[in-house]
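In: A structural model of the following input is requested.
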Amino acid sequence: MPTPQFETLLYRTDSAVATITMNRPEQLNTIVPPMPDEIEAAVGLAERDPQVKVIVLRGAGRAFSGGYDFGGGFAHWGESMNTDGRWDPGKDFAMVSARETGPTQKFMAIWRASKPVIAQVHGWCVGGASDYALCADIVIASDDAVIGTPYARMWGAYLTGMWIYRLSLAKVKWHSLTGEPLTGKEAAAVELINESVPFERLGARVAEVAQKLARIPLSQLQAQKLIVNQAFENMGLASTQTLGGILDGLMRNTPDALKFVDTAAADGVRAAVEQRDGPWHDYSQAPPDKRPDPSHVIEP
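Out: As a prediction, this is how the structure comes out:
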């Protein structure tokens, strides 16, 4: 089978393992079209390949992903959310709730895949990127990775709801209201993710887990994933996600949110982020020892 070509991703298979690498390293793998569609398509390729048993999702460069690129608002999505250059709530609602276009549905391609997906997280994993990671079945991060949802403070709401379903009530209330991030080590300690390891061991550990899973019959892996997923579906996951998409659209278009995006457009994303996160002294406004080590780079 010829290796498919994507604009924002790299896709490769090695025996029973398919690896999807987000490949916009100079932009910290921020999410812009056609990345959501390409991730969904790449997962589909792995699903249809009879040799593949396990899928690994990772990011090239020094980050898993910096989340959605909001420097120009959602201009990347053009008229799908706007009419005559202004937000159209009817279009937004229809776009986010539709199976073919909704961002949550793109994230959930990872959840829906019948084969297990391992997220290999390093560097920044924030905003929508955390949805990609947390939709995976197993999440392994470097100790110094930073995982969070800064949009909890401005310009968004939980989409997949995976933060809600993976954390205890006390923890999810804290992070949903404060937007405070977790390091990989902290995320493993509260069981948001499965484990963290020093960056130098990250690739080897993911490969080790993938190979262990690949020794199990595929139908057995699929059955176990299905029953666990179905239990969470029965907890109301889909209805939570429907509300999340609607609230996200509203929170992107409040007066405060529009000022936030205007600042980003006029003065740069850095200025908007400084205003949002400066008082909290976290994310890019944190001291160096609280940010990912920039020398931790994954070569695709």
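In: before we move on, which element is the residue nearest the centre of the chain in?
Out: Of all residues in the chain, the one closest to the mean position by Cα atoms, centre = their mean is residue 129, 2.3 Å from it. Using DSSP states H and E, residue 129 falls within helix 128-134.
In: What is that helix packed up against?
Out: Contacting helix 128-134 under the criterion 3 or more Cβ pairs under 8 Å, 6 or more residues apart in numbering; DSSP states H and E are the following elements: strand 54-59, helix 103-112, strand 117-121, strand 146-148, helix 162-166. Using the backbone N, CA and C atoms, a C-beta is placed for each residue, glycine as well.
In: immediately after it, which helix or strand?
Out: Elements were assigned by DSSP H and E; along the chain past helix 128-134, the next helix or strand is strand 138-142.
In: Let me know the outermost residue of the chain.
Out: Farthest-from-centroid check, the chain (Cα atoms, centre = their mean): residue 84, 30.3 Å.
In: which residues of the chain fall in strands?
Out: 9-14, 17-22, 54-59, 71-74, 82-83, 86-87, 117-121, 124-126, 138-142, 146-148, 182-183, 195-197 (DSSP state E).
In: helices or strands next to the second one in the packing?
Out: Using 3+ Cβ pairs under 8 Å, 6+ apart as the contact definition, the elements that strand 17-22 packs against are strand 9-14, helix 35-48, strand 54-59, helix 199-214.
In: For residue 6, see how far away the nearest residue to residue 92 once chain neighbours are set aside is.
Out: Take residue 92 and drop its neighbours on the chain: the residue closest to it by Cβ to Cβ, 6 or more residues apart in numbering is residue 249, 4.2 Å away. Plainly put, residue 249 is 28 Å away from residue 6 if you go by Cβ to Cβ, to the nearest Å.
In: go on, residue 266?
Out: Where residue 6 is concerned, residue 266 sits at a distance of 33 Å (Cβ to Cβ).
In: higher neighbour count, the two?
Out: Taking other Cβ atoms under 10 Å, residue 266 and residue 6 do not tie; residue 6 has more neighbours (20 against 9).
In: for that one, what are its contacts?
Out: The contact partners of residue 6, taken as Cβ atoms under 8 Å, 6 or more residues apart in numbering, are 23, 38, 41-42.
In: do residue 171 as well
Out: Contacts for residue 171 (Cβ under 8 Å, 6+ apart) come out as 190, 192.
In: and if you look at the one 3 residues further on?
Out: Under the criterion of Cβ under 8 Å, 6+ apart, the contact list for residue 174 reads residue 180.
In: For it, report the pLDDT, please.
Out: Looking at residue 174, its pLDDT stands at 98.
In: hmm, back to that, ok, the residue farthest from the centre of the chain to residue 220 distance?
Out: Distance, residue 84 to residue 220, using Cβ to Cβ: 54 Å.
In: repeat for residue 100
Out: 32 Å.
In: and what of residue 167?
Out: To residue 220, residue 167 is 28 Å away according to Cβ to Cβ.
In: Also residue 113?
Out: Distance from residue 113 to residue 220, by Cβ to Cβ: 16 Å.
In: follow-up on the earlier one: relative to residue 254, which of the helices and strands packed on helix 128-134 is closest?
Out: Residue 254 sits nearest to helix 103-112 of all the helices and strands packed on helix 128-134, at 18.8 Å, using Cβ to Cβ.
In: Give the residue spans of this structure that score low on pLDDT.
Out: Applying pLDDT under 70 to the chain flags residues 1-3, 71-78.
In: Helices of the stretch 151-300 of the chain, start to end?
Out: Counting by DSSP state H, counting those that start in this stretch, one finds helices in the stretch 151-300 of the chain at the ranges 162-166, 169-178, 184-189, 199-214, 218-233, 237-251, 255-267, 269-277.
In: circling back to that earlier point, ok, which of the strands of the chain comes nearest residue 245?
Out: Nearest to residue 245 among those is strand 71-74 (13.4 Å), distances taken as Cβ to Cβ.
In: Provide a list of residues in contact with residue 284.
Out: Residue 284 neighbours (Cβ under 8 Å, 6+ apart): 270, 273-274, 277, 291.
In: give me that answer again for 10 Å
Out: 66, 124, 126, 146, 150, 269-270, 273-274, 276-278, 291 (Cβ atoms under 10 Å, 6 or more residues apart in numbering).
In: hmm, back to that, most packed of the helices and strands packed on strand 17-22?
Out: Per-stretch averages of neighbours, counted by mean count of other Cβ atoms under 10 Å, single out strand 54-59 among the helices and strands packed on strand 17-22, with a mean of 26.
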